[in-house]
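J.: Below are the sequence and a predicted model; questions follow.
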Amino acid sequence: MRVTTEIWVSALVRRVFAEGGFAAVVRRGAAEAGAIFITRRDRFGRVTLYGPAPQISYTEARPSDRQFSLLITTEEETEIAARLEREMRFDADLWVVEVETVDDPAGTYFELVERI
């Protein structure tokens, strides 16, 4: 059984804070099954947007895990905003979580998002 989006996002935010990072829910979507988009700022001013991975990325061993793929990396926040606007026209129930993390390759954020 898959965990609701609201619980998954809450767990992500707590884990990022526990590792010394910062996370904030920028937009709340449907509590049960809204799609999740994650933005990450780095110390160089770049912003990266991750979105739900294509269905083909899921394996039979872990079919209910949430997986993400890199959508955009840019220094222009307007590109991120434009992409999210397009996504919201398609799915009004999506979530947007902004994350700032310590650059720790063994950390939670990298485990959950950057491994994809």
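T.: Structure's in. What do you need?
J.: Tell me which helix or strand the residue nearest to the spatial centre of the chain sits in.
T.: With distances taken as C-alpha atoms, centre = their mean, Ile38 lies nearest the centre of the chain, 2.6 Å away. Here Ile38 sits within strand 36-41, counting by DSSP states H and E.
J.: Okay, buried residues for the helix or strand that that strand is followed by please.
T.: Using DSSP H and E, the helix or strand that follows strand 36-41 in sequence is strand 47-52. By 16 or more other C-beta atoms under 10 Å, the buried positions in strand 47-52 come out as Val47, Thr48, Leu49, Tyr50, Gly51, Pro52. Just so you know, the C-beta spots here come from the backbone N, C-alpha and C atoms, and that holds for glycine as well.
J.: Tell me the first helix or strand C-terminal of strand 47-52.
T.: Defined by DSSP H and E, the subsequent element after strand 47-52 is strand 68-74.
J.: Would you mind pulling up the elements that the very next helix or strand once past that next one packs against?
T.: Downstream of strand 68-74, the next assigned helix or strand under DSSP H and E is helix 77-90. Where contact means 3 or more C-beta pairs under 8 Å, 6 or more residues apart in numbering; DSSP states H and E, helix 77-90 is packed against strand 36-41, strand 47-52, strand 68-74.
J.: so which of those strands comes closest to Ala18?
T.: In terms of C-beta to C-beta, the element of the helices and strands packed on helix 77-90 nearest to Ala18 is strand 36-41, at 16.9 Å.
J.: Contact partners for the residue nearest to the centre of the chain?
T.: Leu12, Leu49, Tyr50, Gly51, Phe68, Val96, Val97, Glu98, Val99, Val113 (C-beta atoms under 8 Å, 6 or more residues apart in numbering).
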